[in-house]
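# based on what follows, work out the 3D shape:
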Amino acid sequence: MSSSEQSTLLLQRQLRDLQRNPVEGFSAGLVDDNIYEWEILVMGAPDTLYEDGFFKTRLSFPSSYPVMPPTMRFITEMYHPNVYPDGTVCISILHPPGDDKYGYEDANERWSPVHTVETILLSVISMLSSPNDESPANIQAAKEYRDDYSQFKKKVQRLTRQSAEML
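Residues are numbered from 1 along each chain as shown. Have a look, this model is predicted:
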């Protein structure tokens, strides 16, 4: 069996598992019946600035999954220190395995084939509730989060309201 056939079977099983036992705060489905492209709806967790929001994301898997990580990108506008302005999520477990050439992350914090879609989604929940402003993807959001939290909060709450209205 080829590695792409193995990744296809693994992704089919992970999708089936998520549909049988959903992770609270998320729903998942395929984009155009492509097992390598998933649309995830992230529901803003209670007691976070994103509460009551509905944020569409795209999870794109390489054919080398689970050896290499997927990429995750918010389709719905998102303002967060760990989300690039283009919507790409920047969390350690989505970084390629091995040592970080910049020395910010230990190899054990980065992608490992033991991670699943569920562990990715749980990491996104954690990221939304506890931003890491020490290693930001969106420098402006991190600066506001640190230096002008009320302005940061206003932007996030406006986008959260908009996300709910767009559904």
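# max-length strand in the chain?
Criterion DSSP state E: the longest strand present in the chain is strand 34-43.
# and the helices in this structure?
For the chain, the helices defined by DSSP state H occupy 3-20, 117-129, 139-147, 149-165.
# and those helices: which comes nearest Glu37?
Of all these, it is helix 3-20 that lies closest to Glu37, at 10.2 Å by C-beta to C-beta. Every C-beta, even on glycine, is put in place using the N, C-alpha and C of the backbone.
# ok, and what's touching that closest one?
Identification of contacts with helix 3-20 by C-beta atoms under 8 Å, 6 or more residues apart in numbering yields 26, 28, 30, 35-36, 38, 61, 63-67, 116-118.
# at 6 Å instead, please
The contact list for helix 3-20, computed with C-beta atoms under 6 Å, 6 or more residues apart in numbering, reads Ala28, Ile35, Ser63, Tyr65, Thr116, Val117.
# swap in stretch 39-59?
25-29, 31, 38, 70, 72-76, 125, 128-129, 153, 156, 160, 163-164, 167.
# what about that stretch, how long is it end to end?
Counting by C-alpha to C-alpha, to the nearest Å, you get 6 Å between the two ends of stretch 39-59.
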